[in-house]
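Participant: A structural model of the following input is requested.
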Amino acid sequence: MKKEKMADTVLPPLSPTVSNVVEKLSSAGRIPTSSFAVALIELHPEYGGGRAPSLDEKGTPDRRTVNEWMRAIAELYERDRVAMLHGRLVIIGLALLDPLLAPFLFEGGFLLEVEREITEPLDFLLTPNTFVRWKNLLASQEAAETSMLEGKGPAPEELVKLKHKGPTGRQRKSRSCS
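Facilitator: Numbers count the residues shown, from 1 in each chain. The predicted structure is shown next:
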């Protein structure tokens, strides 16, 4: 449970699980968010009430090193309010950073259950701007589910295909967010 420094971002102490995953994935080079989430869920299949969806290669084509993902995740949270960056907070962070992964994490109520399993309320832990993004993510997911129940709109996997493609229907190139 040591404080880690990655580039200019000082991370809160990492839980043993997150430390193990960061160490394991540090030699993997640039990875998608789904690889990070899968590594966490493999160590803790009870996360989200044991409802983890199959993630395989889901999410954005954006790839970063595990340290880059950790810096981006740490910046979502109020530094003085997070006693330890644990796996559930990392999963919430990955959903916020990757809007193409988030719908898959919502499947079966997984992400909502992960949020319920966090002791501290997210409105306390997340930065104000990030909390607004979280509420918007919840609202867009609720709207998508309502639309599907009413028989309107495409299924979630179709939404992901649409988001990956530009107006011409061709695959968009990913941009590096360094």
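Participant: chain center to the lengthiest helix in the chain: distance?
Facilitator: In the chain, taking DSSP state H as the definition, the longest helix is helix 128-149. The chain centre lies 14 Å from the centre of helix 128-149; the measure is C-alpha atoms, centre = their mean, to the nearest Å.
Participant: how about it: buried residues?
Facilitator: For helix 128-149, a neighbour-count test (16 or more other C-beta atoms under 10 Å) marks 130-131, 133-134, 137-138, 141, 144 as buried. From N, CA and C alone the C-beta is placed, and that goes for glycine too.
Participant: mean confidence (pLDDT) on that helix, please.
Facilitator: The average pLDDT for helix 128-149 rounds to 87.
Participant: give me the helices and strands touching that helix, please.
Facilitator: Counting contacts by 3 or more C-beta pairs under 8 Å, 6 or more residues apart in numbering; DSSP states H and E, helix 128-149 packs against helix 87-97, helix 102-106, helix 122-125, helix 156-164.
Participant: helix 87-97 and that one, what's the angle between them?
Facilitator: Angle, helix 128-149 to helix 87-97, by axes from the mean of the first three to the mean of the last three C-alpha atoms, to 10 degrees: 80 degrees.
Participant: if we can go back for a sec, for the helices and strands packed on helix 128-149, which has the smallest mean pLDDT value?
Facilitator: Mean pLDDT is lowest for helix 156-164 among the helices and strands packed on helix 128-149, at a mean of 47.
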